[in-house]
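Student: What would the 3D arrangement of this be:
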Amino acid sequence: MMPYSTVRFFCSVVAAFARLVRELRKAVAMAASSSSAAAVSPPVGLIAAAPLPLRRKKLLAALAPPQPQPPVVARPAEVCDAAAGVSVAGVVDQQPQQAESKRKKTSAWSARGRPSRLVIPVADDAGELAAGWGAAAAAATEADVVVEGEGFWVASRAGPRHSMEDAYSVVTHKNGGDSQLAFYGVFDGHGGRGAVDFVSQRLGENVVSAVLAAGSEARDEAPSAAEEDDDAVSAAIRAAYLATDSELLAQHQQGASAGGACAATALVRGSDLYVAHLGDCRAVLSRGGGVAAALTADHTCAAEGERARIERGGGFVSRSGSGVWRVQGSLAVSRAFGDSGLKRWVLAEPAVARVPLRAGCEFLVVASDGLWDKVSNQEAVDVVSRSRNAAATSSVARSCVELVDMARRRGSRDDVTVMVIDLERFVR
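Tutor: Below is the predicted model of the structure:
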């Protein structure tokens, strides 16, 4: 028979165990009731699907008193992970992969939430303003063209807005036995490459052929007759321009792509320089030790004479929101090759200037408006003059590149083409 003290001890143990069981049940019930509605406990029949170590961790977490947690803001990547519904049975094996995946997603989310880094190019020359167009970054993808020819140099760069629509043309070989006959041209297209490609291929040939066909009487004209604007060579150049325009319009009627092109050309014949142009391409002469002299005047709707001519022909000129005057509210130049829809007002008859080549005529700068919109005539001449003083032919080519860079640094988003022509080689 067991002593009374022993029986009393066992009874106290049983009572303590019963109280412990009740407390455990209360703790489990309180933990279940305090959990959020999103964390719904699985049915009793599915609890065994979880591995034993995981069940023990859940039980200990339920028994532990609740700890205050700092507020957590769920990131988009974490919300997506919670909605994915990962199977409980594969949690242990997939934890390293999930941690790495979550780290990558979190990093990607952070990168998306952060604004992109701004790159602002800084102008190198004093007085130039830094443009916010990221021209320095665009140079890596642009195809720069640098050409060193016989007595001429060219640098060209496409703008960031569209594909390259500038072109150039040179005819310097002997034409009909005349070694003093040379043609140079810079062209600026609009509305696609069709027009500028055609004009750059055909205009030089047409001008040279027309001038040679004009005969030799223009070579030995009297000085008084040579000063007239409408001499035989100037008339031949005008006729070549109009013929080239007619050929281009005929292609447009046959279904070829429309569009147009501006031009500035120089023809050296004997001891005379003939400069012709349409639109806003420009030719600037350097003479007398680096003094700039413009040989062209831009054909734009801002010119009073051009505006009056268009209005007399039944057209109109309007100013766009950017402040640019345009023919029929469309085209900014008033003369150009092509542009068949506006041909009634946009003429292809060029302005032609004749300059006798005398001592002091140094070089000619011919460029598209991508340069002249940002660089003045005298600045362009100064840059080339500095390079010529270096007594190296390659330095003139570098001056062309320098002018292209200068226009881009100052904010030009247009195509830029610069040609420098040595005139001293033609001076007799």
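
Student: mind showing which ranges of the stretch 301-428 of the chain have poor pLDDT?
Tutor: Low-confidence segments of the stretch 301-428 of the chain, defined by pLDDT under 70: 391-393.

Student: ok, now the stretch 1-150 of the chain?
Tutor: Residue ranges of the stretch 1-150 of the chain with pLDDT under 70: 1-5, 7, 31-143.

Student: how about the helices in the stretch 201-350 of the chain?
Tutor: 223-226, 232-253, 304-312 (DSSP state H, counting those that start in this stretch).

Student: Measure how buried K374 is and give me the count.
Tutor: 20 (other CB atoms under 10 Å). C-beta here means a position set from N, CA and C on the backbone, and glycine is covered the same way.

Student: which residues sit in contact with L371?
Tutor: A380, L403, V404, A407, S412, V416, T417, V418 (CB atoms under 8 Å, 6 or more residues apart in numbering).

Student: out of the residues you listed, who has the most neighbours?
Tutor: Going by other CB under 10 Å, V418 tops those with 31 neighbours.

Student: Identify the residues contacting that one.
Tutor: V154, A155, S156, V365, V366, A367, L371, A380, C400, L403, V404.

Student: in a helix, that's where the last one is, yeah?
Tutor: Okay, so that is V404. Yes. Using DSSP: H, G, I helix; E, B strand; the rest coil, the secondary structure at V404 is a helix.

Student: Need the single longest helix in the chain, by residues.
Tutor: Criterion DSSP state H: the longest helix present in the chain is helix 4-34.

Student: Distance to R282 for the contacts of V418 - can I get that in CSV?
Tutor: Shown next, in CSV, are the contacts of V418 (distance: CB to CB, whole Å):
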residue, distance to R282
V154, 15
A155, 16
S156, 15
V365, 8
V366, 7
A367, 6
L371, 8
A380, 9
C400, 15
L403, 12
V404, 15
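
Student: Tell me which two in those residues are the farthest apart.
Tutor: The two members of the contacts of V418 with the most space between them (CB to CB) are S156 and A380, at 15.0 Å.

Student: can I assume F337 is in contact with V199?
Tutor: Yes. Between F337 and V199 there is a contact at 5.0 Å, judged by CB atoms under 8 Å.

Student: Which strands or helices does the helix or strand harbouring V396 pack on?
Tutor: Per DSSP states H and E, V396 falls inside helix 393-409. Other helices and strands packing on helix 393-409, by 3 or more CB pairs under 8 Å, 6 or more residues apart in numbering; DSSP states H and E, are strand 145-148, strand 152-157, helix 369-372, helix 377-388, strand 416-422.

Student: Buried ones in that helix, by neighbour count?
Tutor: By neighbour count on 16 or more other CB atoms under 10 Å, the buried set for helix 393-409 is 395-409.

Student: circling back to that earlier point, now the helices of the stretch 201-350 of the chain in TSV, with distance to L331 and mean neighbour count?
Tutor: Listed next are those as TSV, based on distance: least, CB to CB, whole Å; neighbours: other CB atoms under 10 Å:
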stretch	distance to L331	mean neighbour count
helix 223-226	35	10
helix 232-253	15	19
helix 304-312	10	14
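
Student: number of nearby residues for G411?
Tutor: By other CB under 10 Å, 17 other residues sit near G411.

Student: what separates it from C281, distance-wise?
Tutor: To C281, G411 is 20 Å away according to CB to CB, to the nearest Å.

Student: Now do Q251, the pLDDT please.
Tutor: At Q251, the model reports a pLDDT of 89.

Student: again with the one 4 residues further on
Tutor: Each residue has a pLDDT score; the one for G255 is 73.

Student: Tell me how many other residues surround it.
Tutor: 7.

Student: Poorly predicted segments of the stretch 151-300 of the chain, please.
Tutor: Within the stretch 151-300 of the chain, the segments meeting pLDDT under 70 span 173-179, 215-230, 256-257.

Student: which residue ranges form the strands in it?
Tutor: For the stretch 151-300 of the chain, the strands defined by DSSP state E, counting those that start in this stretch cover 152-157, 166-171, 181-190, 260-269, 272-278, 282-287, 291-294.
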